[in-house]
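> just coords:
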């Protein structure tokens, strides 16, 4: 009887252990889901990569205009959603009192936020003069120094670069801004772009783009760059990141990689982001260069004083040192595509599934 009892206890314990191990295993492999959709890592096949996407946060993106007559950006460079044509809405914005706009140029109009900027607010508004490859880039054309242009806050679409449990590494689907800080080049730990992305003031990206609940769902990441480790919620990809095939990119930095091509919002263009317009028939027509966090320090030499060179992805999808290397332009013409780690388990109320995008433009 005792032997039977011992065997029974042994079987019960073994079963409990098996259930416990199964439970642990299931927890480890549980897929992250958003809006009932199971998120997946990038799928790369031949020259095409497909990414799952999510909506998270909001930022000024599309421009509000009174009519379809628009001259700031060439019509052949405009994409669906770049403009909001509404004379009624435009008139409401233009007639709003100055006191209704906050110090960042934002207004809450009937429950929706908008931003206004003028030419002097842009990081760069100089038209490129002819020069080596300079003719292939263009920027936003301001028709007046004093008139405001208006942009609507819209949900930000993010590409899922990697899923590990409930952690999602996200890259903004398009360039969102061209802050003045992008002209100040240095190592990431003391970069002004890093401060703009993560700072506490009301005009920083993290405070502008995300509510308190959304900020709580963003994980703090340990970022290593130039043998220095810093803690950031928002950051930029590194040179090595944009060579990772697991993220959907080519491992060749010289490749004109479709997966690295980037569009930019109308707001980013208005702030000074340049656009490739070499030939309308080329596939990267309308793409913009975008910043990486990697930088190189050049000590003083006979050829010149000490300086930093910023790594960025060119408008053609290759990885280069500062645009000055091949267009005689400053780094200030690159757009910013923020990156973050999102805790999917705590973000169900603040993010939603946004379908897929792929490097062939679909």
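Perfect, thanks for sending it. Computed from a prediction, not measured in an experiment: that's the story for all the values here.

> show me the shaky parts of the stretch 51-200 of the chain.
Within the stretch 51-200 of the chain, the segments meeting pLDDT under 70 span 126-138.

> now do the strands in the stretch 1-150 of the chain.
33-34, 37-38, 43-45, 48-65, 83-85, 106-109, 112-117, 137-138, 149-164 (DSSP state E, counting those that start in this stretch).

> need those in CSV (columns: distance to residue 309 and mean neighbour count).
Yep, even glycine has a C-beta here, placed from its N, CA and C like the rest. Output for those, formatted as CSV (distance: least, CB to CB, whole Å; neighbours: other CB atoms under 10 Å):
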stretch, distance to residue 309, mean neighbour count
strand 33-34, 38, 18
strand 37-38, 41, 14
strand 43-45, 29, 13
strand 48-65, 28, 22
strand 83-85, 36, 16
strand 106-109, 35, 16
strand 112-117, 29, 19
strand 137-138, 19, 19
strand 149-164, 25, 21
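
> reformat these as a markdown table; add distance to residue 275.
As requested, the strands of the stretch 1-150 of the chain are exported to a markdown table (distance: least, CB to CB, whole Å):
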| stretch | distance to residue 275 |
| --- | --- |
| strand 33-34 | 31 |
| strand 37-38 | 33 |
| strand 43-45 | 27 |
| strand 48-65 | 15 |
| strand 83-85 | 15 |
| strand 106-109 | 25 |
| strand 112-117 | 18 |
| strand 137-138 | 5 |
| strand 149-164 | 17 |
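
> who wins for proximity to residue 191 among those strands?
Nearest to residue 191 among the strands of the stretch 1-150 of the chain is strand 48-65 (20.0 Å), distances taken as CB to CB.

> sorry, back to before: out of the strands of the stretch 1-150 of the chain, nearest to residue 216?
strand 48-65 (12.4 Å).

> strands paired with the closest one, and their directions?
Applying DSSP bridges, strand 48-65 is found paired with strand 43-45 (antiparallel), strand 83-85 (parallel), strand 149-164 (antiparallel), strand 351-358 (antiparallel).

> can you list these in JSON lines and add distance to residue 251?
Compiled in JSON lines, these are given as follows (distance: least, CB to CB, whole Å):
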{"stretch": "strand 43-45", "distance to residue 251": "11"}
{"stretch": "strand 83-85", "distance to residue 251": "37"}
{"stretch": "strand 149-164", "distance to residue 251": "15"}
{"stretch": "strand 351-358", "distance to residue 251": "19"}
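
> what's the closest of those to residue 214?
Here strand 351-358 is closest among the strands paired with strand 48-65 (CB to CB), at 7.9 Å.

> hang on, the earlier thing: mind checking which of the strands of the stretch 1-150 of the chain is nearest residue 203?
Nearest to residue 203, of the strands of the stretch 1-150 of the chain and by CB to CB, is strand 106-109 at 9.6 Å.

> just how off-centre is the closest one within its chain?
23 Å (CA atoms, centre = their mean, to the nearest Å).

> cool, stretch 167-183 as well?
Using CA atoms, centre = their mean, the offset of stretch 167-183 from its chain centre is 3 Å.

> buried ones in that stretch, by neighbour count?
168-183 (16 or more other CB atoms under 10 Å).

> one more: stretch 89-102?
89, 90, 92, 93, 96, 101.

> need the helices for the stretch 151-300 of the chain, in chain order.
192-198, 205-209, 212-217, 266-270 (DSSP state H, counting those that start in this stretch).

> which strands and helices sit next to the last one?
In this case it means helix 266-270. strand 48-65, strand 149-164 (3 or more CB pairs under 8 Å, 6 or more residues apart in numbering; DSSP states H and E).

> swap the cut-off to 6 Å and go again
strand 48-65 (3 or more CB pairs under 6 Å, 6 or more residues apart in numbering; DSSP states H and E).

> relative to strand 112-117, how tilted is the strand it packs on?
80 degrees (axes from the mean of the first three to the mean of the last three CA atoms, to 10 degrees).

> show me the contacts for the nearest residue to residue 33 once chain neighbours are set aside.
In this structure, residue 33 finds its nearest non-sequential neighbour in residue 39, 6.7 Å apart by CB to CB, 6 or more residues apart in numbering. Neighbouring residues of residue 39 by CB atoms under 6 Å, 6 or more residues apart in numbering: 32, 52, 160, 163.

> ok, residue 266 next?
Going by CB under 6 Å, 6+ apart, the list of residues near residue 266 reads 62, 63, 82.

> what does residue 243 give?
residue 251.

> okay, it and residue 203: tell me how far apart.
Using CB to CB, to the nearest Å, we find residue 243 at a distance of 33 Å from residue 203.

> and if you look at residue 291?
For residue 291 relative to residue 203 (CB to CB), the value is 19 Å.

> and what of residue 181?
11 Å.
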